[in-house]
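[1] can't give you the sequence, but here's the structure:
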């Protein structure tokens, strides 16, 4: 059974950093594409970043390139999202997701989801 558990969210000030982690069990990263999505109040769920070990691929929402970095922590079987220079518009509930097989930028094509971790950036 696949389980995803996010951690690392919190309340931070503009310009600071956070590192989110998604602990994964019941899957192997060689078979799944892993994604981070976010959803702000009143807005649709939005793609943030993805990583595929089998394809050797990472991808980001264009507006986040250079600030966010996704990576796989093999030792802890986790997918991390390093977020730098945070801004109030980054405030959202951040979700980790897994998709069997190919990568996707669309949240409704992912098979498994975590419960989310809240990130709030104050101005």
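    Looks like it arrived, so ask away. Treat the numbers as computed from the prediction; the structure is a model and nothing was measured. Numbers count the residues shown, from 1 in each chain.

[2] Now do the helices in this structure.
    Here the chain has no helices by DSSP state H.

[3] now the strands for the protein?
    Using DSSP state E, the strands of the chain run over 3-7, 10-13, 18-25, 32-39, 46-52, 57-60, 68-73, 78-83, 92-100, 112-113, 117-122.

[4] Looking at these, spot the one closest to residue 106.
    Minimum separation from residue 106 across the strands of the chain (CB to CB) falls at strand 46-52, 7.4 Å. Heads up, the C-betas are built off the backbone N, CA and C, glycines and all.

[5] Now do that closest one against strand 92-100, angle only.
    Interaxial angle, strand 46-52 versus strand 92-100 (axes from the mean of the first three to the mean of the last three CA atoms, to 10 degrees): 40 degrees.

[6] tell me what strand 46-52 is packed against?
    When contacts are defined as 3 or more CB pairs under 8 Å, 6 or more residues apart in numbering; DSSP states H and E, strand 46-52 packs onto strand 32-39, strand 57-60, strand 68-73, strand 78-83.

[7] Mean neighbour count, distance to residue 49 and mean pLDDT added to those strands, as CSV?
    Converted to CSV, these look like this (neighbours: other CB atoms under 10 Å; distance: least, CB to CB, whole Å; pLDDT from 0 to 100):
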stretch, mean neighbour count, distance to residue 49, mean pLDDT
strand 32-39, 24, 5, 98
strand 57-60, 15, 5, 97
strand 68-73, 17, 4, 97
strand 78-83, 23, 6, 98
